[in-house]
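> Next comes the sequence, and after it the predicted model I'd like to discuss.
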Amino acid sequence: MAAFELEKEFDKLDTSNMVMSPLVRSRLDETYALLSQQAQQTPRINRRKPSKLRRLALTTAAAGILAAGLFATAAVSPAMASSLKNIPVIGSIFSKIHGDIGLRIAGELGLTSTVNRTVSYEDVSLQVTETIYDGTRAAFVLNVTAPNLDSGTYNNGNKKMRLDQAIDNIFVTIDGKKQNGNIYYGSVGEDYPNTLVFELIADPTTAPDSFNASAAITLDGIDHEFTVDIPFKKTTDKTIQLSPNTLTASKDLSFSVSKVSVTPITTRLTTSIALTDAVTLTYKQERRLIGIGVAAFDDQGRRLPALNGEGIIEGNRLLFDRRFASQPGTSKYITVKPFVIRDSFNEDVQEDQFLQGLETRIELPAAN
């Protein structure tokens with residue numbers, strides 16, 4: 001399977017007491033094992049260069065494509081949210097997703113766009129019915145109809161597998177430009193076993209208000225490429241964009257948060273963890289930094305579960321673009337705390353895992 005197929009799944013989400021399923025735990029173990037292997041391999045770029053870069057990919061807990069919730073800050077006011085909740089939203093598949101509070105609330109609040117794009121080959125059909133786009137995440141639901149698909153179990157002629165495992169390949173172009181990586185997907189859940197959710201990641205600083213995407217998808221055992229055109233339109237106009245450039249230091253480590261982006265659906269943090277007494281990192285030092293996670297909390301002390309992200313080793317530091325799903329409510333600030341990973345990126349962190357002296361608090365203004 002391709003790298004973008006790293007799956008993420010929560011059996012059940014509870015923001016007050018998160019429980020990780022065995023599937024999620026195994027996937028995360030595989031991811032961190034891969035990162036450790038990468039750290040032991042010879043870098044592709046000359047290590048003598050002080051600006052040495054190494055890209056790392058991380059996929060964390062989720063049911064389906066995405067993982068669990070964060071918080072929404074002031075992106076949707078309480079009055080607006082209350083009004084929207086009184087408007088009946090019929091049939092939004094996003095509102096049925098249990099593993100991603102951000103997408104589920106977006107479906108409940110009507111922050112989705114209804115589309116109808118269907119492509120077929122022989123007796124197999126792929127249909128896109130809904131999209132969500134907030135300037136950071138562009139997600140769409142894809143329903144699959146096939147005679148060899150029954151209640152989420154796909155038969156390729158030789159063996160049976162879950163539908164999300166039957167995606168042999170996917171390529172996406174946006175406004176005619178092919179995208180490399182940053183594509184995540186998985187099952188919606190038991191309510192829609194034959195439906196998948198796909199997520200594309202955009203740069204919120206340059207993302208347009210609308211765009212057209214084309215997804216070319218191949219299924220295991222079918223010698224045909226399904227190409228479906230998908231229009232996206234931003235449905236959230238309340239966004240917080242910050243460049244706090246915070247910096248904390250303790251012993252031989254320093255930690256900073258350089259960018260924060262918050263919408264009703266997604267919260268995004270750009271973080272850096274560095275070894276202050278190093279210029280470039282040894283393999284052991286790289287593994288040490290890769291083994292540091294970041295936990296975020298809202299002003300009520302609720303843990304903000306992570307979605308996914310990518311990292312780059314640059315000189316003596318690990319830069320990471322971290323995405324979180326949003327949940328309803330407002331928060332005046334977020335607290336970001338690095339911790340030593342014992343089990344998985346989204347584990348139930350104990351107090352002794354937090355790296356003392358590196359905690360960072362970021363005040364959040366009202367959404368623009």
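Yes, it's here.
> Would you check how far apart K178 and F171 are?
Separation of K178 from F171 (CB to CB, to the nearest Å): 7 Å. From N, CA and C alone the C-beta is placed, and that goes for glycine too.
> of these two, who's got more company?
Ranked by neighbour count (other CB atoms under 10 Å), K178 and F171 place F171 first, with 16 against 10.
> Sticking with the more buried one, tell me its helix or strand.
strand 167-174 (DSSP states H and E).
> That strand: which residues count as buried?
167-168, 170-172, 174 (16 or more other CB atoms under 10 Å).
> State the pair within these that is farthest apart.
Distance extremes for these: the farthest pair is D168 and I174 at 21.5 Å, using CB to CB.
> Sheet-wise, list the partners of the strand holding F171 with their directions.
strand 177-178 (antiparallel), strand 210-219 (antiparallel) (DSSP bridges).
> Confidence-wise, which of those strands is weakest overall?
Here the lowest mean pLDDT among these goes to strand 177-178, at a mean of 82.
> can you list contacts of that strand?
Residues outside strand 177-178 that contact it (CB atoms under 8 Å, 6 or more residues apart in numbering): 171-172.
> What segments of the stretch 51-200 of the chain are strands?
Under the criterion DSSP state E, counting those that start in this stretch, strands of the stretch 51-200 of the chain are mapped to 53-59, 62-63, 66-67, 113-121, 124-133, 137-145, 149-150, 153-155, 160-162, 167-174, 177-178, 183-189, 192-201.
> Distance from the chain centre to the fourth one, please.
In this view, strand 113-121 has its centroid 24 Å away from the chain centroid, taken as CA atoms, centre = their mean, to the nearest Å.
> for it, packing partners?
Applying 3 or more CB pairs under 8 Å, 6 or more residues apart in numbering; DSSP states H and E, one finds that strand 113-121 contacts strand 124-133, strand 225-233.
> And those strands: which comes nearest Y192?
strand 124-133 (10.2 Å).
> Tell me what angle the closest one forms with strand 137-145.
Between strand 124-133 and strand 137-145, the angle comes out at 160 degrees (axes from the mean of the first three to the mean of the last three CA atoms, to 10 degrees).
> Please name every helix or strand in contact with strand 124-133.
Helices and strands touching strand 124-133, by 3+ CB pairs under 8 Å, 6+ apart, are helix 101-108, strand 113-121, strand 137-145, strand 210-219, strand 225-233.
> tell me which residues of the first one are tucked away?
If I follow you right, that is helix 101-108. Here helix 101-108 shows 101-108 as buried, counting by 16+ other CB under 10 Å.
> just stretch 196-208 next, same as before
Within stretch 196-208, the residues that count as buried by 16+ other CB under 10 Å are 196-202, 204, 207.
> Make a markdown table from the residues you listed and add distance to R117 and pLDDT to it.
Below are those laid out as a markdown table (distance: CB to CB, whole Å; pLDDT from 0 to 100):
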| residue | distance to R117 | pLDDT |
| --- | --- | --- |
| L196 | 14 | 93 |
| V197 | 15 | 91 |
| F198 | 13 | 92 |
| E199 | 17 | 89 |
| L200 | 15 | 87 |
| I201 | 21 | 84 |
| A202 | 20 | 77 |
| P204 | 25 | 68 |
| A207 | 21 | 78 |
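> Max pairwise distance over the residues you listed: which two?
Top of the distance list for the buried residues of stretch 196-208 (CB to CB): L196 and P204, 24.5 Å.
> follow-up on the earlier one: looking at the helices and strands packed on strand 113-121, which one is packed in the most?
Most buried of the helices and strands packed on strand 113-121, by mean neighbour count (mean count of other CB atoms under 10 Å): strand 124-133, with a mean of 21.
> That strand pairs with which strands, parallel or anti?
Under the rule (DSSP bridges), strand 124-133 has strand 113-121 (antiparallel), strand 137-145 (antiparallel) as partners.
> Return the distance of it from the chain's centre.
19 Å.
> ok, residues contacting that strand?
92-94, 103, 106-107, 111-120, 138-147, 210, 217, 219, 222, 224, 226, 228, 230-235, 265.
> at 7 Å instead, please
Contacts to strand 124-133, defined as CB atoms under 7 Å, 6 or more residues apart in numbering, come from residues 92-94, 103, 106, 111-119, 139-146, 217, 222, 226, 228, 230, 232-235, 265.
> Emit the ChimeraX select command for whichever of the residues you listed are buried.
This is the ChimeraX syntax for the buried subset of these, where burial follows 16+ other CB under 10 Å:
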select :92,93,94,103,106,111,112,113,115,117,119,139,140,141,142,143,144,146,217,222,226,228,230,232,234,235,265
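> Dump the helices and strands packed on strand 124-133 into CSV; add distance to V349 as well.
As requested, the helices and strands packed on strand 124-133 are exported to CSV (distance: least, CB to CB, whole Å):
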stretch, distance to V349
helix 101-108, 19
strand 113-121, 37
strand 137-145, 25
strand 210-219, 36
strand 225-233, 35
